[in-house]
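Participant: Quick one, what's the 3D model for this:
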Amino acid sequence: MVVQLKSLRLPLAVFLMSAFLLAVVQLKVHRPMLIAERFYVGAGWVQIVLMASWGAFMAFKMQNPQHTARFRQIAWITFTTVFFSQLALGLAGYTIFLMTGKLHLPIPAMIIGGPAFRHELSFMTILFVSTVLLTGPAWCSQYCYFGALDGLLSGKKVKGKRQPIKYKWLIKSTILPLFIITALLFRWFGLNPVSTTLFASAFGVVGLLIILFVSPRKGKMIYCTTYCPIGTVVSITKQVNPFRMVINSSCTSCMRCMPACKYDALNIDDIKRGKPALTCTLCGDCVSTCKPGAIQYRFPGLSAETARMFYLFLTISTYVVFLSLGRI
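Facilitator: Model (predicted):
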């Protein structure tokens, strides 16, 4: 009975936090942000209960390290399906499904490219920044609608050992500044919206081609770890968050964790150094593969297990908010 009650702590905490955050949005934001509320006055409260319950279910399943990878993928694909379904309905003319009634390109890079071009923050940019502050790199393993596709398609088994991605940091450190500089130049020269839309669309199409053809062949998330500017921003700025993943001295160098990491953050040198590479998103997929329990979450003042539960609490609660509010 004690064990069963203990297993309900995380789900209950996620339910209450998710419901509280969405209730604040329901009460304080003038324009209805919850889809149900846009159809029927008061229906937003029903949606809040349903969304919080979904988060509690995910928390109940993911608190077991053996189930984390599977249910994280389910949660991520669910978010992406809901996101693009609402976008499709918006394109079909049902503007009630759009965040502001106006359509914006559903390309993650536009979260930074848009503000650089318009000189103003967007709602998605604010959500993105909040995730980095609260959960470090969780954007790249929980919320990104392109990343979910990259993760799903890169799960294909590849022949031989997965090799480190060559020239990863050279490519990452080049694409990000070029993308931002291009957005600023478009603004400076006063290019019309058609030109900027074509450029952003082409950038997104290249990303989709990488997801469809390169990531499955390599068995790693090439789009997320090498191409996406947002992924690079996350890798750099996640250091402001206190959560860390470490490999302690009980590691036997069995290398079972390497195939589990599709973010190219666990190679031989990383394991010997005692911490994943900068592309680690704290997804936790590697934890279940580590027989000695050497791979652990760290948070100042907390035990490894408590740190993991705290991280799940924050990421899943934030995920519920994204699932409810993350629209174009």
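
Participant: what packs against the helix or strand hosting Tyr297?
Facilitator: When elements are defined using DSSP states H and E, Tyr297 is found to belong to strand 295-298. In terms of contacts (3 or more CB pairs under 8 Å, 6 or more residues apart in numbering; DSSP states H and E), strand 295-298 is packed against strand 244-247, helix 304-325. (Each C-beta comes from the backbone N, C-alpha and C, glycine too.)

Participant: Most tightly packed of these?
Facilitator: With neighbours defined as mean count of other CB atoms under 10 Å, the helices and strands packed on strand 295-298 peak in mean count at helix 304-325, which reaches a mean of 22.

Participant: thinking again about what came up before, going by neighbour count, which residues in the strand holding Tyr297 are buried?
Facilitator: 295-298 (16 or more other CB atoms under 10 Å).

Participant: which stretches of the stretch 1-150 of the chain form helices?
Facilitator: For the stretch 1-150 of the chain, the helices defined by DSSP state H, counting those that start in this stretch occupy 2-7, 9-28, 35-39, 43-62, 65-91, 110-118, 123-135, 145-153.

Participant: Just the closest of the buried residues of strand 295-298 to Ile316, please.
Facilitator: Tyr297 (14.2 Å; CB to CB).

Participant: for the buried residues of strand 295-298, which one is nearest Phe123?
Facilitator: Ranked by distance to Phe123 (CB to CB), those are led by Tyr297 at 29.8 Å.

Participant: need the next SSE after the strand or helix carrying Val205, C-terminal direction.
Facilitator: Assigned by DSSP H and E, Val205 belongs to helix 193-209. As assigned by DSSP H and E, the chain's next helix or strand after helix 193-209 is helix 215-218.

Participant: helices or strands up against that next one?
Facilitator: Helix 215-218 packs on helix 145-153, going by 3+ CB pairs under 8 Å, 6+ apart.

Participant: quick revisit: just send the helices of the stretch 1-150 of the chain back as JSON lines, with mean pLDDT too.
Facilitator: Formatted as JSON lines, these follow (pLDDT from 0 to 100):
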{"stretch": "helix 2-7", "mean pLDDT": "64"}
{"stretch": "helix 9-28", "mean pLDDT": "96"}
{"stretch": "helix 35-39", "mean pLDDT": "90"}
{"stretch": "helix 43-62", "mean pLDDT": "97"}
{"stretch": "helix 65-91", "mean pLDDT": "90"}
{"stretch": "helix 110-118", "mean pLDDT": "84"}
{"stretch": "helix 123-135", "mean pLDDT": "84"}
{"stretch": "helix 145-153", "mean pLDDT": "91"}
